[in-house]
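[1] After the sequence you'll find the predicted model.
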Amino acid sequence: MSKPFTYSISSIRFDENYQPADSTRLTTNFANLARGEQRQTNLRKTLTMINNRFNALAHWDNPNADRYSIAVDIVSADLDIEGNGDTFPIIETLKTTITDHKDNTCIDGMIGNSFSSYVRDYDFSVVLPAHFEQNPGTPPEESFGDLHGKLFQDLLHSEAYQAQFHKKPVICLSVSTSKTYYRTGNQHPVLGVEYRQDDYSLTDDYFFKMGLTVRYFMPKGSVAPLAFYFAGDLLSDYSDLELISAIATMETFQKIYRPEIYNANSAAGQVFQPSLNYQDYSLTQIEYDREERSELAVKQGKFTQEAFIQPYQAILDEWAANYVVTSETAQKDAAKKRAA
């Protein structure tokens, strides 16, 4: 029987003085901004955008749109496989904290938001291209993403995670450019208008294996829906301010990284097909090199293969084979298969 894995969690403040840690993936959105000559200006402008968007959405009892400010911490989880102190950076997410300047209080924001994973780089930049090269036009193996999904669930059930966080993370990402989204009649007071897709994307399937369901909402003032990945009930498990903190943070990053979709000059209609070839959009004043980010993903995937997958292959295989998927996740998988 394989031994339980040990996790440790640390955090660093994402502010204008932020310097990426050596273990941080350089393709991660927040790390990419903290490089180059304009790094401090990039960071300052990003945080201003987050605060402005938060106050625009949390508009009640906020006449001057300056009641709240957001602090963002980068939460890093390291995995010690053999219990000898040697760790590998397994997951990075963001945690927001809300300061209410009217009441002079601090309020927990969302845990999750962004999602960074070297193992995901390995899956999508090493495993998947190799599969498509050998089997053009065919879906990946059914086991694709299994290890990553189990590692993520194991982290959430670990003492290290539960000692610091009382809720499961909500990951907020861009919608897929390969799918079409249809506006529904459902509208949430904070999340906005709900959309539904014509089919699950590969990313959706990957997050299902992490125990997360997806729903798509376009908040008021947004021009495209965001994909919210969550466990439990997105609409009742989190407060309005928690949801707003996720929207403000991740919509800001998406405006920077995918302006063709999230900084377009017109909003998504009843039927929406996201495209990075769309030309009618505005650029933020924040520098970002999308091409470099794509190239680095391949390097990071190969690094994961050499530093994590290959050295610990036997241990990982044995652990994954014996890992018991939670009943909640099994129910989600079953529901997904019924809907297919």
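    Nice, I can see it. Here the structure is a predicted model, which means the values were calculated and not measured. Numbering: from 1, shown residues only.
[2] Spell out, range by range, the helices that occur in the chain.
    Assigned by DSSP state H, the chain shows helices spanning 29-33, 39-57, 118-122, 128-134, 146-156, 159-164, 202-208, 240-257, 259-262, 290-304, 313-322, 327-339.
[3] Can you say which of the ones you listed is nearest to residue 90?
    Smallest distance to residue 90 across these (Cβ to Cβ): 6.1 Å, for helix 146-156. (C-beta placed from N, C-alpha, C; glycine too.)
[4] quick one on the thing from earlier: let's have the helices of the chain in CSV, adding distance to residue 101, mean neighbour count and mean pLDDT.
    Below are the helices of the chain laid out as CSV (distance: least, Cβ to Cβ, whole Å; neighbours: other Cβ atoms under 10 Å; pLDDT from 0 to 100):
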stretch, distance to residue 101, mean neighbour count, mean pLDDT
helix 29-33, 24, 22, 61
helix 39-57, 10, 19, 92
helix 118-122, 37, 23, 93
helix 128-134, 46, 12, 94
helix 146-156, 33, 20, 96
helix 159-164, 26, 12, 96
helix 202-208, 35, 20, 93
helix 240-257, 14, 24, 96
helix 259-262, 28, 21, 96
helix 290-304, 35, 16, 77
helix 313-322, 47, 14, 94
helix 327-339, 38, 12, 45
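[5] Quick one: closest of these to residue 3.
    helix 313-322 (8.1 Å).
[6] Format the helices of the chain as a markdown table; extra columns: distance to residue 98.
    A markdown table is the format used below for these (distance: least, Cβ to Cβ, whole Å):
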| stretch | distance to residue 98 |
| --- | --- |
| helix 29-33 | 18 |
| helix 39-57 | 8 |
| helix 118-122 | 28 |
| helix 128-134 | 38 |
| helix 146-156 | 23 |
| helix 159-164 | 17 |
| helix 202-208 | 26 |
| helix 240-257 | 6 |
| helix 259-262 | 22 |
| helix 290-304 | 29 |
| helix 313-322 | 38 |
| helix 327-339 | 28 |
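[7] Which among those is found nearest to residue 106?
    Comparing the helices of the chain under Cβ to Cβ, the one sitting nearest is helix 240-257, at 11.4 Å.
[8] Which of the residues in stretch 191-202 are classified as buried?
    By neighbour count on 16 or more other Cβ atoms under 10 Å, the buried set for stretch 191-202 is 191, 192, 193, 194, 195, 197, 200, 201, 202.
[9] do the same with stretch 214-228
    Those would be 214-219, 222-228, for stretch 214-228 by 16+ other Cβ under 10 Å.
[10] Please dump these into TSV; it should also carry distance to residue 129 and pLDDT for every row.
    What follows is those, written out as TSV (distance: Cβ to Cβ, whole Å; pLDDT from 0 to 100):
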residue	distance to residue 129	pLDDT
214	24	96
215	30	97
216	27	97
217	32	98
218	32	98
219	35	98
222	33	98
223	32	98
224	28	98
225	28	98
226	27	98
227	23	97
228	28	98
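[11] among the residues you listed, which two are most distant?
    Across these, no pair lies farther apart than 214 and 223, at 19.7 Å, counting by Cβ to Cβ.
[12] and of the helices of the chain, who's closest to residue 16?
    Taking the helices of the chain one by one with Cβ to Cβ, helix 39-57 is closest: 4.5 Å.
[13] which helices and strands does that closest one pack with?
    For helix 39-57, the elements it packs on are helix 29-33, strand 68-80, helix 240-257, judged by 3 or more Cβ pairs under 8 Å, 6 or more residues apart in numbering; DSSP states H and E.
[14] still on that earlier bit, looking at the helices of the chain, which is closest to residue 102?
    Taking Cβ to Cβ, helix 39-57 is the member of those nearest to residue 102, at 11.5 Å.
[15] can you give me how far that closest one is from the chain middle?
    18 Å (Cα atoms, centre = their mean, to the nearest Å).
[16] now do stretch 198-205
    Centroid displacement of stretch 198-205 relative to its chain, using Cα atoms, centre = their mean, is 15 Å.
[17] contacting residues for the residue lying closest to residue 254 once chain neighbours are set aside?
    Spatial nearest neighbour of residue 254, chain neighbours left out: residue 262 (4.0 Å); criterion: Cβ to Cβ, 6 or more residues apart in numbering. Residue 262 sits next to 174, 222, 223, 224, 251, 254, 255 when contact means Cβ atoms under 8 Å, 6 or more residues apart in numbering.
[18] Just the closest of those residues to residue 270, please.
    Out of the contacts of residue 262, the member with the shortest distance to residue 270 (by Cβ to Cβ) is residue 224, at 13.3 Å.
[19] ok, so what distance separates that closest one from residue 57?
    16 Å (Cβ to Cβ, to the nearest Å).
[20] ok, now residue 143?
    Here residue 143 is placed at a distance of 40 Å from residue 57 (Cβ to Cβ).
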